[in-house]
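[1] need the 3D shape of this:
(2 chains)
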Amino acid sequence: MAQSDVLLKLKGVKTYFFTDEGTVHAVDGLDFQVRRGETLGIVGESGCGKSVTSMSILRLLGKTGKVIEGEIMFDGENLLDLSEEEMRKIRGNRISMIFQQPTTCLNPVFRIGEQIIEALQIHQGLSGEEANKRTIELLTLVGLPDPVRRMRSFPHEISGGQAQRVMIAMALACNPELLIADEPTTALDVTIQAQILDLMRELREKVNTAIILITHDLGVVAEMAENVMVMYAGRAVEYAPVHALFEAPKHPYTQGLIASTPVLGNVRDELETIPGQVPSLLNPPAGCRFASRCAHRMDQCTQEEPPLIKLEGDRLVRCWLY
Amino acid sequence: MAVSTTQVEAREAKKEEYERPWLEILKRFSRHRFAVASVVVLFVMIVAVTFGPLFMPFGETDTAVTKKDQPPGTEYVVPKNLYYNSIGGDVRTAAGTTLTFWLGSDGIGRDLLTRLLYAGRVSLYIAVAVTLLSELIGIIIGVISGYFGGIVDAFAMRFVDFLNTLPLLPILLIISTILEPTVNLLILILVFFSWTGGARLMRGQILSLREQEYVSASRALGASNLRIMFRHLVPNALAPNIVNASLALSGVMITEAALSFLGFGVKLPAASWGNMLKGVNTTILEKYTWQAFFPGLAIFICSLCFNFIGDGLRDALDPRAKR
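    Numbering: from 1, shown residues only, chains lettered A, B, ... in the order given. Below you'll find the model as predicted:
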């Protein structure tokens, strides 16, 4: 793997939120990398730090959150060292993001065309006829029917699926090198989900963008990603190529996640669950963070946190079992 | 060919649908009868005070010494030598012409209708200028305060609180003894005391709007704070301020009237609706009622119109408040 091949590399990133109740260790030492054109899936249950990871990359943590340690290398540059001004030039331009709720991410008082044009205006200084042309191109690219007319619609006049297409068009407006998709299909109904996933797959081939796909839906990951990182309580617990992960999940948490996915046509009275809940990130327990819920718990687990152990086939797992 | 015509028709119909937001606001506004009537009345008044003085045979400060305190409809034949005593009068009428004081004359023989029209210019100008400026300042400070929060917000809002605790009239009277009041100075001073309402309204709107997802989305798109504040948030938060402005117009007009009545404000001999009421006492009210009635009526009608329009705008801009 050549060095220039790596687009994004996180090294020991710790993002803490300083709240009135104490310090929330939302992301607590995270390492991973994304190669150019690769699709990395990040899965995990609610509150495990998936979204905080993406917000850390874009440096949009708000007032209370801060990356206190580590580095986020993007194309050889540490994003954490950049000024706000330089960071703004990267957002929406080289790294862009699509969100969970497409309809609320569009400003209700502007026509959708104007909002896409804004992205072009900020980063490429396009305006007028040129911007219009590019917008129509983008809307055609994301498969919105009758783009010339749709440009003049207001956000409340289009459906959720169409809104997500618009968001994707906005995100792709400046041909980003990295696209962060934070639960892009969660708010959509199943048939639309499939359409949006198809679209993203198609676009990935057309524009060759690296994608970080954040989701709690293992089905989406299986369909889209090449590599998967499983997160638990602010840390990566397993990293593997997608097929290997589904064939033989190594970490007990991953095994639990996969077992608790409902299978169509396989009627059972009760779904498999992982007992217990995610530990408080205010005061993470010593040792392995999954220990309290783990069926394979050993004494060692509650005393010392396991390192990421390298296994065969380019995979990593954070568990004392291996 | 037939196909293309129907396509064109369909496109035209669509086009209309796209313009809908404004159309709909207009439609809802027009449902408010009093508001529509107020717009018409105000329009007539504005045209009258703007162009009316050009057609009046009297100047703003022209006095007819022999015709003090005349009731409405009194006729006046311009005398030969000194047709009327002109204090810098700007209209010259040939001797022997018969003029009419349609609304009567005041205590020193000036035509009331003429003064009423000139006064309307000043009063409406002050009302509009003060309202626009104070809304503008209020919006800017409100947006900054609500968007950044923290110390900026605390400082701005405590300053707003401070201004609101000051008693306006006594302070203005003190200022008037120190400074020579002109119309523009009066505007600036009124603005200084009246931007706070707009600022609070805007801040409240921004506080809830800044948590909206489209704000994070545009930030993720690389938008700067300025762009987010003024391009994304302000248009979404503007409706209450528009309503507030239309209601504030009548407030400013009445404040101006009160100030001019008290002696601060528009200085004689220039006329404003407020200072035309200056010196009104029981004698005038009993014997020369028209001298107080017409300026008072003008203030009353204007502020009523502003209030109705504000009401109509509120219904039109806030579709949730359906009756």
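[2] tell me how many other residues crowd A:Met87.
    Residues within reach of A:Met87, counting by other C-beta atoms under 10 Å in any protein chain shown, total 17. Where you see a C-beta, it was placed from the backbone N, CA and C, and this is true even at glycine.
[3] ok, A:Arg165 next?
    26.
[4] can you give me the pLDDT of residue 259?
    With no chain named, the answer covers chain A. Confidence at A:Ala259, expressed as pLDDT, is 83.
[5] other chain: chain B
    Reported pLDDT for B:Leu259: 82.
[6] that one against B:Leu185, yeah?
    No. Applying C-beta atoms under 8 Å, one finds B:Leu259 not in contact with B:Leu185, separated by 11.8 Å.
[7] and the two? Which one has more around it.
    Counted by other C-beta under 10 Å, B:Leu259 and B:Leu185 do not tie: B:Leu259 has more neighbours, with 25 against 13.
[8] look up how far B:Leu132 lies from the closest residue to that one other than its chain neighbours.
    Using C-beta to C-beta, 6 or more residues apart in numbering or on different chains and skipping the chain neighbours, the partner closest in space to B:Leu259 is B:Gly265 (3.7 Å). To B:Leu132, B:Gly265 is 19 Å away according to C-beta to C-beta, to the nearest Å.
[9] those two: which is more packed in?
    Shown here are B:Gly265 and B:Leu132; by other C-beta under 10 Å, B:Gly265 has more neighbours (26 against 14).
[10] who are the contact partners of A:Glu77?
    Neighbour list for A:Glu77: empty [criterion: C-beta atoms under 8 Å, 6 or more residues apart in numbering or on different chains].
[11] can you rerun that using 10 Å?
    A:Glu71, A:Glu86, A:Ile90 (C-beta atoms under 10 Å, 6 or more residues apart in numbering or on different chains).
[12] ok so B:Val41 is a strand residue?
    No. Secondary structure of B:Val41 (DSSP: H, G, I helix; E, B strand; the rest coil): helix, not part of a strand.
[13] do you know how far B:Asn281 is from B:Thr63?
    B:Asn281 is 20 Å from B:Thr63, by C-beta to C-beta.
[14] tell me which of these two has more neighbours.
    B:Thr63 (22 against 8).
[15] run through the chain and note the low-pLDDT ranges.
    I went with chain A, as the question did not name one. For chain A, the stretches flagged by pLDDT under 70 are A:1-4, A:267-269.
[16] chain B, not that one
    B:1-20, B:65, B:78-96, B:319-323.
[17] how about the residues of the stretch 51-200 of chain B by chain A?
    Residues of the stretch 51-200 of chain B lying close to chain A (C-beta under 10 Å from any C-beta of the partner chain) are B:Phe148, B:Gly149, B:Gly150.
[18] switch the residues you listed over to JSON lines; also include neighbour count and secondary structure.
    Below are those laid out as JSON lines (neighbours: other C-beta atoms under 10 Å in any protein chain shown; DSSP: H, G, I helix; E, B strand; the rest coil):
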{"residue": "B:Phe148", "neighbour count": "16", "secondary structure": "helix"}
{"residue": "B:Gly149", "neighbour count": "15", "secondary structure": "coil"}
{"residue": "B:Gly150", "neighbour count": "9", "secondary structure": "helix"}
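[19] enumerate every residue touching residue 26.
    Here I'm looking at chain A. Contacts of A:Ala26 by C-beta under 10 Å, 6+ apart are A:14-17, A:47-53, A:55-56, A:61, A:65, A:233-234, A:281.
[20] oops, chain B please
    Here B:Leu26 is in contact with B:Ala316 (C-beta under 10 Å, 6+ apart).
[21] quick check, stretch A:114-131 touching chain B?
    Yes. Applying C-beta under 10 Å from any C-beta, one finds stretch A:114-131 touching chain B at A:Glu114, A:Gln115, A:Ile116, A:Glu118, A:Ala119, A:Gln121, A:Ile122, A:His123.
[22] for chain A, which segments count as strands?
    A:6-19, A:22-35, A:39-43, A:65-74, A:77-78, A:95-98, A:178-182, A:210-215, A:227-232, A:235-241, A:309-311, A:315-317 (DSSP state E).
[23] pick the most deeply packed of these.
    Looking across the strands of chain A with neighbours counted as mean count of other C-beta atoms under 10 Å in any protein chain shown, the highest average goes to strand A:95-98: a mean of 28.
[24] re earlier: joint contacts of B:Leu259 and B:Leu185?
    The contact lists of B:Leu259 and B:Leu185 share B:Ser176, where a contact means C-beta under 10 Å, 6+ apart.
[25] from chain B, how far out is the nearest residue to A:Val6 once chain neighbours are set aside?
    Among residues not flanking A:Val6 along the chain, A:Gln33 sits closest, at 5.2 Å (C-beta to C-beta, 6+ apart). Shown here: A:Gln33 relative to chain B, a distance of 21 Å by C-beta to the nearest C-beta, to the nearest Å.
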